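Chemist: turn this into a model:
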Amino acid sequence: MSLAWQFLLAGIGTYLIRASAIVLVGHGVAVPARLERTLRLIAPAVLAAIVANGLLLEDGRFNLRVSWFAGTLVAISIVRRFRSAAWAIAAAMLVVWAVQQAGVR
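Modeler: The predicted structure follows:
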């Protein structure tokens with residue numbers, strides 16, 4: 001199966017999963033509070049896994065990028081303090097650039 005078909009089928013599957021949940025809730029099916037709390041944590045958990053993978057691995061090998069870690073720490077602190085993803089991204093990019101300009105990878 002070609003890569004294009006794999007992407008297409010994954011997209012259709014994702015859409016159907018989301019649409020089925022919307023249809024069920026629209027027909028009055030109640031979602032238990034415990035399940036709802038769990039579902040709210042899925043997106044942040046997936047994002048954290050993607051970020052950790054990008055920070056720690058390159059071509060399947062461990063790679064330490066000091067500039068990226070510095071930017072990540074700045075982003076985390078800004079999000080925790082000000083609850084602003086836009087400011088966190090902007091500040092993290094600036095820190096990564098500054099650290100790299102200083103000659104640290």
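Chemist: and the contacts of the helix or strand encompassing Arg40?
Modeler: Per DSSP states H and E: Arg40 is located in helix 33-56. Identification of contacts with helix 33-56 by Cβ atoms under 8 Å, 6 or more residues apart in numbering yields 31, 62-65, 68-69, 72. Every residue, glycine included, has its C-beta placed from N, CA and C.
Chemist: now do the residue nearest to the spatial centre of the chain, the pLDDT please.
Modeler: Nearest residue to the geometric centre of the chain (Cα atoms, centre = their mean): Leu47, 2.2 Å. Looking at Leu47, its pLDDT reads 87.
Chemist: now Arg18
Modeler: pLDDT, Arg18: 86.
Chemist: roughly how far apart are it and Leu39?
Modeler: Distance of Arg18 to Leu39, given as Cβ to Cβ, to the nearest Å: 12 Å.
Chemist: repeat for Ala33
Modeler: For Ala33 relative to Leu39 (Cβ to Cβ), the value is 11 Å.
Chemist: hey, C-alpha coordinates of the helix holding Arg40 in PDB?
Modeler: Extracted in PDB, the C-alpha atoms of helix 33-56 (Å, rounded to 0.1, in the frame of the first residue of the first chain):
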ATOM      1  CA  ALA A  33     -17.100  12.200  34.400                       C
ATOM      2  CA  ARG A  34     -14.100   9.900  34.900                       C
ATOM      3  CA  LEU A  35     -13.900   9.200  31.100                       C
ATOM      4  CA  GLU A  36     -14.300  12.900  30.400                       C
ATOM      5  CA  ARG A  37     -11.400  13.800  32.700                       C
ATOM      6  CA  THR A  38      -9.200  11.100  31.000                       C
ATOM      7  CA  LEU A  39     -10.100  12.300  27.500                       C
ATOM      8  CA  ARG A  40      -9.000  15.900  28.400                       C
ATOM      9  CA  LEU A  41      -5.500  14.600  29.200                       C
ATOM     10  CA  ILE A  42      -4.900  12.800  25.900                       C
ATOM     11  CA  ALA A  43      -4.000  15.800  23.800                       C
ATOM     12  CA  PRO A  44      -1.400  17.200  26.400                       C
ATOM     13  CA  ALA A  45       0.100  13.700  26.800                       C
ATOM     14  CA  VAL A  46       0.500  13.200  23.100                       C
ATOM     15  CA  LEU A  47       2.000  16.700  22.700                       C
ATOM     16  CA  ALA A  48       4.500  16.100  25.600                       C
ATOM     17  CA  ALA A  49       5.500  12.800  23.900                       C
ATOM     18  CA  ILE A  50       6.100  14.500  20.600                       C
ATOM     19  CA  VAL A  51       8.100  17.300  22.200                       C
ATOM     20  CA  ALA A  52      10.200  14.900  24.300                       C
ATOM     21  CA  ASN A  53      11.000  12.800  21.300                       C
ATOM     22  CA  GLY A  54      12.100  15.900  19.300                       C
ATOM     23  CA  LEU A  55      14.300  17.100  22.200                       C
ATOM     24  CA  LEU A  56      16.000  13.800  22.900                       C
END
